[in-house]
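*Asks:* heads up, no residue letters with this:
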Ligand SMILES: Nc1ncnc2c1ncn2[C@@H]1O[C@H](COP(=O)(O)OP(=O)(O)OP(=O)(O)O)[C@@H](O)[C@H]1O
């Protein structure tokens, strides 16, 4: 942890963002204040005595000094960008990964913060778009100076911003840049997370197993159009909590790429796809041979089948072919490393990851009003339990990483499995969580739950550990 007063960027910061009082709510507001303590702020919330909700739980609560900043309802998206995201640019331009999460109750302003609803007003565009805009300014400048220097081979080196966007719901990621194609979140034998679609058989019998698509954009206008097309495919609607409630976690990844890296990533997908049928064949041959080599005796126990000799040559041949294809994957990995090593730009592969988390009302069902809870279907309740465990797992991963624990519990939920590489890639990067809260008195229980969650992640990330 950086010492007090140090200018070094703390690896994880938590922020509170108060939204304006929603027009549909009453006029009674939560009483709130914050106090500076060194570089951090503590937050106090209490319910006015007159509020009809006074019977619901604790009436006042104060956090530790765990928040890097508290944003007021009058602070627009451009102010949040300036204070939260702009500090991460030097990291991303050095090739690191920086992650930003929005956590809060339904309607508290997560989507407003991450993507925004007005994509033209520079004060209102969400963090994903304002980041893309600033990132394009930087990569365009690098491209221009590269051209001015007359560097040969500049076609391959020209920088672009790649976008991946998908929603995670249970163990499935829906690819928003590929017509909501379903990709399954699984752990590979190498311990890495694989998020891949179904196996496709292409013309000529070629096999392809596609991961989440990354689409390179060469201008901000192109990026905005692509993002808006993907947003149209976001699942919204059926929740009984809020008519636009998002019951999925939406992930937006912005990666600095060039043609050489795009080609290397495509080649990698091809090599991994080719390996899939050969890996499966080797396993099938091994199982076939072994299932014939043993038989069940009258006592139910297995014994060697005297009438069958394992065809070891067949097993070895299948294994050798599989190994050949594994070596091709290793060669593609080596090529990818060479692309980074020979890049003229240290920012290649640098990433911003924005996550619009599912509504935190699922994290604590007590925060759900009894009317909303009683309207939930059995499927919604089951989904709620999954979201609850995702949000719990996320907090545990942040805490484990911040306290440098040897074992980080990435495997405890599909969300943390999907984010595993981003957390690992942010080793020298930066991550932040914006806790969005409503000042409406009737949202007191939800607001307090959000602030408490933020207090835990903020304490883990700050110097208070
Ligand atoms: N800070 C803010 N300033 C102005 N308007 C806001 C702010 N926060 C939220 N809103 C408005 O409140 C409404 C609900 O916000 P939003 O959709 O971002 O909530 P959410 O937390 O993403 O909810 P859900 O989990 O249901 O998707 C939107 O119309 C949004 O524009």
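*Replies:* In hand now; what should we look at? Computed from a predicted structure; not experimentally measured. Residues are numbered from 1 along each chain as shown.
*Asks:* what pLDDT does whichever residue of the stretch 1-150 of the chain sits closest to the ligand get?
*Replies:* Closest to the ligand within the stretch 1-150 of the chain is residue 109: 2.6 Å, counting by C-beta to the nearest ligand atom. All C-beta atoms are positioned from the backbone trio N, CA, C, and that covers glycine. For residue 109, the pLDDT comes out at 95.
*Asks:* thought it was touching residue 436?
*Replies:* Yes - applying C-beta atoms under 8 Å as the test, residue 109 and residue 436 come out as touching, 4.1 Å apart.
*Asks:* check which helix or strand covers residue 121.
*Replies:* Per DSSP states H and E: residue 121 is located in neither a helix nor a strand.
*Asks:* Could you give the number of residues near residue 263?
*Replies:* As a burial measure, residue 263 scores 14 neighbours (other C-beta atoms under 10 Å).
*Asks:* wait, I meant residue 206
*Replies:* 11.
*Asks:* Let me know the pLDDT of it.
*Replies:* 79.
*Asks:* how about the helices in the stretch 251-400 of the chain?
*Replies:* 259-293, 312-341, 370-375, 378-402 (DSSP state H, counting those that start in this stretch).
*Asks:* Domains of this protein: list them as residue ranges, please.
*Replies:* Using automatic domain parsing, the domain parsing of the chain gives 12-258+347-461, 268-339.
*Asks:* more neighbours, residue 109 and residue 436?
*Replies:* residue 436 (27 against 24).
*Asks:* Run a quick check on that one versus residue 113, I expect a contact.
*Replies:* Yes - counting by C-beta under 8 Å, residue 436 touches residue 113, with 6.1 Å between them.
*Asks:* Now for the two: what residues contact both?
*Replies:* Common neighbours of residue 436 and residue 113, using C-beta atoms under 8 Å, 6 or more residues apart in numbering, are 17, 102.
*Asks:* quick one: contacts of stretch 308-320?
*Replies:* Taking C-beta under 8 Å, 6+ apart as the rule, stretch 308-320 contacts 278, 281, 282, 285, 286, 289, 290, 292, 293.
*Asks:* okay, these in a markdown table with neighbour count next?
*Replies:* Output for the contacts of stretch 308-320, formatted as a markdown table (neighbours: other C-beta atoms under 10 Å):
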| residue | neighbour count |
| --- | --- |
| 278 | 19 |
| 281 | 14 |
| 282 | 20 |
| 285 | 19 |
| 286 | 15 |
| 289 | 17 |
| 290 | 11 |
| 292 | 14 |
| 293 | 15 |
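*Asks:* Report the two of those separated the most.
*Replies:* 278 and 293 (22.7 Å; C-beta to C-beta).
*Asks:* So which residues on the stretch 51-200 of the chain come close to the ligand?
*Replies:* Residues of the stretch 51-200 of the chain lying close to the ligand by C-beta under 6 Å from any ligand atom are 104, 106, 107, 108, 109, 110, 111, 112, 117.
*Asks:* So what does the first one look like in phi/psi?
*Replies:* The main-chain torsion angles of residue 104 are listed as degrees, to the nearest 10 and equal phi 170, psi 170.
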